[in-house]
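In: Sequence first, then the predicted structure, then my questions.
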Amino acid sequence: MNLSTEFEFMVGEKYENEKGPFKVMSIEKDEMLIRWTNGEEVQTSMEFQGRIQKRRQWEKTQQKETAAPAKPAPRKAKSSKSSKKAPPAE
């Protein structure tokens with residue numbers, strides 16, 4: 001799992017973590033104030049929430065890949081009976 005790229009948060013945008021959906025209320029330096037739908041607010045690091053977002057994206061990708069139906073194996077073309085040669089008469 002590669003989480004090296006930074007996740008970009010924007011004030012006013014909605015995201016979701018394990019606690020539920022939240023809105024970014026403000027960003028100052030490396031910290032941001034977030035508010036969940038129940039009204040609870042917390043000051044948290046953008047790095048921490050970014051890691052959560054990246055992991056959630058990775059998990060969704062993994063779920064889609066495992067949920068995708070497997071492709072059936074290619075089937076050999078059936079030959080018709082008329083194309084078979086009769087054994088030579090003796």
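Out: Sure, I can see it.
In: Sticking with the residue nearest to residue 10 when sequence neighbours are not counted, tell me its helix or strand.
Out: Closest residue to residue 10 apart from its sequence neighbours, by Cβ to Cβ, 6 or more residues apart in numbering: residue 24 at 6.5 Å. C-beta: built from backbone N, CA, C; applies to glycine. Using DSSP states H and E, residue 24 maps to strand 20-28.
In: in that strand, what's buried?
Out: Neighbour-count burial for strand 20-28, with 16 or more other Cβ atoms under 10 Å as criterion, is recorded at 22, 24.
In: partner strands of that strand, parallel or antiparallel?
Out: strand 14-17 (antiparallel), strand 31-36 (antiparallel) (DSSP bridges).
In: Okay, helices next: where are they in this protein?
Out: 46-67 (DSSP state H).
In: Can you pull the poorly scored residue ranges out of it?
Out: 1-5, 68-71, 78-90 (pLDDT under 70).
In: can you tell me which of the strands paired with strand 20-28 comes nearest to residue 73?
Out: strand 14-17 (39.0 Å; Cβ to Cβ).
In: starting at the chain centroid, how far to that closest one?
Out: Strand 14-17 sits 15 Å away from the centroid of its parent chain (Cα atoms, centre = their mean, to the nearest Å).
In: just to revisit the earlier point, let me have the strands paired with strand 20-28 in a markdown table, extended by mean neighbour count.
Out: Converted to a markdown table, those look like this (neighbours: other Cβ atoms under 10 Å):
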| stretch | mean neighbour count |
| --- | --- |
| strand 14-17 | 14 |
| strand 31-36 | 17 |
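In: want to throw those strands into CSV with distance to residue 44?
Out: Shown next, in CSV, are the strands paired with strand 20-28 (distance: least, Cβ to Cβ, whole Å):
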stretch, distance to residue 44
strand 14-17, 9
strand 31-36, 6
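In: right, and those strands - which one's nearest residue 56?
Out: strand 14-17 (7.3 Å).
In: No further questions, thank you.
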